[in-house]
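[1] sequence-free structure coming up:
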């Protein structure tokens with residue numbers, strides 16, 4: 001049985017993360033901020049910090065720091081929860097929507113470039129490994 005080259009995989013993932021970070025440069029977002037905004041944009045109900053932390057598999061404290069950064073930058077706004085004054089709902093602002101659109105576009109270019117470099121079978125295996133559906 002062939003074994004996975006774990007250290008090689010981690011190195012490749014670091015290179016991929018650097019490429020994604022560079023692709024996000026024009027949007028002014030870092031990868032964690034992009035993931036958070038992208039998640040909020042896809043949620044069908046109002047998002048809370050607790051929900052974000054659960055969905056992104058990060059601590060509530062980390063989610064809170066990210067939310068505060070994005071609120072200060074004007075990409076997110078916090079709306080007081082009508083039933084619980086200690087809780088807030090998160091909402092994308094116009095600036096947040098625009099930053100997210102730029103980020104998605106730039107990530108799309110990178111994704112197209114990476115996908116063109118890999119055989120379809122490799123892409124299918126990688127998508128299966130990550131739990132993603134093949135598109």
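    Structure's in. What do you need? These numbers were taken from a predicted model, which means no experiment stands behind them.
[2] rest of the way, CA atoms for contacts and neighbours
    Fine.
[3] contact partners for the residue nearest the centre of the chain?
    Central residue of the chain (C-alpha atoms, centre = their mean): residue 35, 1.6 Å from the mean position. Taking C-alpha atoms under 8 Å, 6 or more residues apart in numbering, we find residue 35 in contact with residue 56.
[4] any idea which element it lies in?
    Per DSSP states H and E: residue 35 is located in helix 31-42.
[5] centre of the chain to the strand or helix carrying residue 128, how far?
    Here residue 128 is covered by helix 120-130, with elements defined by DSSP H and E. Relative to its chain's centre, helix 120-130 lies at 20 Å (C-alpha atoms, centre = their mean, to the nearest Å).
[6] pull out the buried positions in that helix.
    residue 123 (16 or more other C-alpha atoms under 10 Å).
[7] now do it, average pLDDT.
    In this model, helix 120-130 has a mean pLDDT of 90.
[8] before we move on, the earlier item: now the residue nearest to the centre of the chain: how far from residue 56?
    As for residue 35, its distance to residue 56 is 8 Å (criterion: C-alpha to C-alpha, to the nearest Å).
[9] select the longest helix from the chain.
    In the chain, with assignment by DSSP state H, the single longest helix is helix 94-117.
[10] just want the angle from that one to helix 31-42.
    110 degrees (axes from the mean of the first three to the mean of the last three C-alpha atoms, to 10 degrees).
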